[in-house]
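Novice: could you look at this predicted model? Sequence included:
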Amino acid sequence: MSKDAAADVSVALPHSPDLEELARLSQLVRWHIVNTVAQSKAGHIGGPMSMTDLLVALYFAELRIDPANPLDPARDRFVLSKGHSAIGLYGVLALRGYFPVDELATFDRGNSRLQGHPDMKLTPGIDVSTGSLGQGLSAAVGIALAARKQQSDHRTWVVLGDGELQEGMVWEAVNSASRYELSNLIAIVDLNGLQQFGWPADASRDRFDRSDPWAHVNLRGVFEGFGWNVLDADGHDFSSILEAYSAASDNVVRTSRPTVILARTVKGHGLSFTQGTYKWHNGVATDEQLQIARNELQIEETNR
Amino acid sequence: MKAQRDVWGDTIVDIGHHDPTIVVVDGDLANSTKADKFAEAFPDRFIEVGIAEQNMVGIAFGLSTAGYRPWLSTFGVFMTHRALDPIRMLVSQTEAPVRIAGAYSGLLNGSSGKTHQDIEDLAIMRAMPNMTVLAPVDEFEAEAATRWAAEHNGPVYMRIARDAVRPVLDDSYEFKLGSVVQLRTGGVISLVSTGVQSSRVLEAAELLSQAGIHTRVIHVPTIKPLDVGSLIAALEGSRIVITVEEHSVIGGLGGLVSEVLSELPNAPRVTRMGLADSWSESGPNDFLLEKYGLSPSRVAEQVRAWLNSPVAGTGTVEQVVA
């Protein structure tokens, strides 16, 4: 794919539930993640890539949004609570048409709209500034509560990391969402089972090369105990993801509870050398690794 | 005399009648902060979050993105300490119109003791970009500052005292952001204070006057953004500047005035009086003010002691009230 062709994607691809198209978009986003971080010489890889399919499905097949009118009051809101995965969101927003794909090259470079963590004051399509973990769900509760008060039927979607759930503020918000019966609030937990460092391997419980942060906790039961609808999804299977989004959307009108989608994912998913290891939480790919990435993601040489 | 918290509660109710964007987000303390008046008047615009201060800030921010302009109702100490990170991230960095009513400010909080005494709030909040930091002196200024904050389209932190003090202004007072208020003129000694402590400092000045020591009293209601010119004008001709605050001597009003004067040629030295760099205790207001050096008589006594000390005016030491 040429540079121009990559830029054209944002124009050529409208709201589409075509699974093959979504898969191709995910490959592009993953390429932008690993390549952009390599060019800027610092950034996160594992978290952005574990949530890529979730975001692509959301932005290209679920959210009621208009990239030409990013502040439309009726739009669905999206909060990336795990703000350090910003480059993944930027890749999706660029392909969806919020800003030029070429602008990804400015990520982390200084004087850029694309900060290391999402900044609602700078970047079109960012509804909430995040970065210090655990704050996004509270903000989303406020947004969903305002929607109720103003009788607006937009939904508020939030992506949280499983490591992030260790922050106590998350559970304050989980409680409030239930207390205020915010069925218009949908949380997606990117359960990649790894965090930046975490705990060492435990033979019986481990996921990949470190211990799952929630190894001894029944997260489904915890959310159910707080009064939430709980859905499961395979976070790398578009059929499973779209089914969960559809069920969550139904819950908005069918129930009086907020909904959480527990999405099983793989950290660094999509590249042989990044997936399933905590070591690629951050990382800068070598030229050789970028070539491997091109091959595995089927990105032609002419694309930057 | 009317307590600032009652004034705040009544004023936001009054504003609520014509401003539909005002909402109150409470941390289970409305009957202490007096936000309960608003809860009764506008139940649909009162949001009880419970005992979860970080979440309060997040929810208030979320509401602000939809056009609401929330007031946060809880003890200031839980905002400036426990909820500091969400304030920094979601309010200060985004310039959200979230107003923090820092109730039970300073040392006097109804005998709750050091856990609830917020004596670092001014230092913390004035270091925060985009934050307006207000500390009104009495009931009249509390109302005027609340009305100003209600119109302001950015983050505000405002100290609100639990108990009434002797008023020093009247209902003709007009709050002007940044400007200092000269409560007493005359002399080359200036006592500079903020918040309700300014009322007690004015009493101290009256005591000093009876002893033949004439001082100015300058009240600083806006810790940030300070109109530096108005402070310098009020201090003109002063040879000795003493700051007195119901706050740690570190980083609050004393820090602010020192910073300003340190950049002026031939400026008078600044002596900082306030709470020592240590923790206080539970006790009735009179006890605390007396023991920790903030009562009018204790302020007067310390000013006299400083003026009589051999180092006064030599610019070699600072005085910290123990």
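Specialist: Cool, the structure landed. Residues are numbered from 1 along each chain as shown, chains lettered A, B, ... in the order given.

Novice: in the chain, which spans are helices?
Specialist: Looking at chain A here, since you left the chain open. Using DSSP state H, the helices of chain A run over residues A:3-12, A:19-40, A:46-61, A:86-96, A:136-149, A:168-179, A:219-225, A:238-254, A:287-297.

Novice: ah, no, chain B please
Specialist: B:4-18, B:30-33, B:36-41, B:53-64, B:76-77, B:84-86, B:121-126, B:139-151, B:197-210, B:228-235, B:253-262, B:285-291, B:296-308.

Novice: which among these is found nearest to chain A?
Specialist: Of all those, it is helix B:53-64 that lies closest to chain A, at 1.9 Å by C-beta to the nearest C-beta. For the C-beta atoms, the positions are set from N, CA and C on the backbone; glycine is no exception.

Novice: so what's the residue of the stretch 201-322 of chain B found nearest chain A up against?
Specialist: Closest to chain A within the stretch 201-322 of chain B is B:Pro225: 19.8 Å, counting by C-beta to the nearest C-beta. Applying C-beta atoms under 8 Å, 6 or more residues apart in numbering or on different chains to B:Pro225 gives the contacts B:132, B:177-178.

Novice: try A:Ser50
Specialist: By C-beta under 8 Å, 6+ apart, the residues touching A:Ser50 are A:190, A:192, A:235, A:265-269.

Novice: okay, now the unreliable bits of chain A?
Specialist: Within chain A, the stretches with pLDDT under 70 are A:1-16, A:204-205, A:302-304.

Novice: which positions in chain B make contact with chain A?
Specialist: Contact residues (C-beta under 8 Å from any C-beta of the partner chain) of chain B with chain A: B:44, B:47, B:49-50, B:52, B:54-55, B:57-68, B:85-86, B:88-90, B:93-95.

Novice: in a markdown table: the contacts of B:Pro225, plus pLDDT.
Specialist: Shown next, in a markdown table, are the contacts of B:Pro225 (pLDDT from 0 to 100):
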| residue | pLDDT |
| --- | --- |
| B:Thr132 | 98 |
| B:Leu177 | 98 |
| B:Gly178 | 98 |
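
Novice: most neighbours among those residues, which one?
Specialist: Highest neighbour count within these: B:Thr132, with 23 neighbours (other C-beta atoms under 10 Å in any protein chain shown).

Novice: coming back round to it: out of the contacts of B:Pro225, which one sits closest to A:Phe197?
Specialist: Set against A:Phe197, the nearest of the contacts of B:Pro225 by C-beta to C-beta is B:Thr132 (39.5 Å).

Novice: wait, the closest one sits on B:His152?
Specialist: Yes - contact criterion C-beta atoms under 8 Å: B:Thr132 and B:His152 qualify, at 6.5 Å.

Novice: which neighbours do the two share?
Specialist: Counting by C-beta under 8 Å, 6+ apart, no residue touches both B:Thr132 and B:His152.

Novice: what residues does the stretch 51-200 of chain A put near chain B?
Specialist: Close to chain B, as judged by C-beta under 8 Å from any C-beta, the stretch 51-200 of chain A has residues A:119-121, A:127-132, A:135, A:137-147, A:149-150, A:152, A:168-169, A:172-173, A:175-176, A:179.

Novice: who's in contact with B:Tyr173?
Specialist: With contact taken as C-beta under 8 Å, 6+ apart, B:Tyr173 is in contact with B:140-141, B:144.

Novice: for these, which entry has the maximal number of neighbours?
Specialist: Highest neighbour count within these: B:Glu141, with 27 neighbours (other C-beta under 10 Å).

Novice: pretty sure that residue sits against B:Val220.
Specialist: No - B:Glu141 is not in contact with B:Val220 according to C-beta under 8 Å; the separation is 11.4 Å.

Novice: so how many other residues sit close to the nearest residue in space to A:Phe208 that is not next to it in sequence?
Specialist: Nearest non-adjacent residue to A:Phe208, counting by C-beta to C-beta, 6 or more residues apart in numbering or on different chains: A:Gly276, 4.3 Å away. By other C-beta under 10 Å, the residues close to A:Gly276 number 18.

Novice: check A:Thr36 too.
Specialist: Neighbour tally, A:Thr36, other C-beta under 10 Å: 22.

Novice: any idea how far it lies from A:Pro200?
Specialist: Separation of A:Thr36 from A:Pro200 (C-beta to C-beta, to the nearest Å) stands at 31 Å.

Novice: find the closest residue to chain B in chain A.
Specialist: Relative to chain B, the nearest point of chain A is A:Gly142 (1.9 Å; C-beta to the nearest C-beta).

Novice: so how far is A:Ala293 from that residue?
Specialist: Relative to A:Ala293, A:Gly142 is positioned 39 Å away (C-beta to C-beta).

Novice: more crowded one of these two?
Specialist: Each of A:Gly142 and A:Ala293 has its neighbours counted (other C-beta under 10 Å); A:Gly142 has more, 33 against 23.

Novice: which residue sits closest to that one, ignoring its sequence neighbours?
Specialist: Nearest non-adjacent residue to A:Gly142 (C-beta to C-beta, 6+ apart): B:Gly62, at 1.9 Å.

Novice: mind listing what that neighbour touches?
Specialist: Counting by C-beta under 8 Å, 6+ apart, B:Gly62 touches A:128, A:138-146.

Novice: what is the burial count for the closest residue in space to A:Pro73 that isn't next to it in sequence?
Specialist: Of all residues beyond its chain neighbours, the one nearest A:Pro73 is A:Ser152 (7.1 Å), with distances taken as C-beta to C-beta, 6+ apart. A count of nearby residues for A:Ser152, using other C-beta under 10 Å, gives 16.

Novice: is it true that A:Ser152 touches A:Asp76?
Specialist: No - counting by C-beta under 8 Å, A:Ser152 stays clear of A:Asp76, with 10.5 Å between them.

Novice: in stretch A:157-169, which residues are buried?
Specialist: A:157-165, A:167, A:169 (16 or more other C-beta atoms under 10 Å in any protein chain shown).

Novice: end-to-end on it?
Specialist: This stretch, stretch A:157-169, spans 17 Å end to end (C-alpha to C-alpha, to the nearest Å).

Novice: same deal with stretch B:104-117?
Specialist: 8 Å.

Novice: contact partners for B:Gln182?
Specialist: By C-beta under 8 Å, 6+ apart, the contact set of B:Gln182 is B:216-219, B:234.

Novice: contacting residues around stretch B:245-254?
Specialist: B:105-108, B:119-124, B:126-127, B:192-197, B:220, B:223, B:243, B:270, B:272-277, B:294, B:320-321.

Novice: now the buried members of the residues you listed.
Specialist: Buried among the contacts of stretch B:245-254 by 16+ other C-beta under 10 Å: B:105-108, B:119-124, B:126, B:192-197, B:220, B:223, B:243, B:270, B:272-276, B:294, B:320-321.
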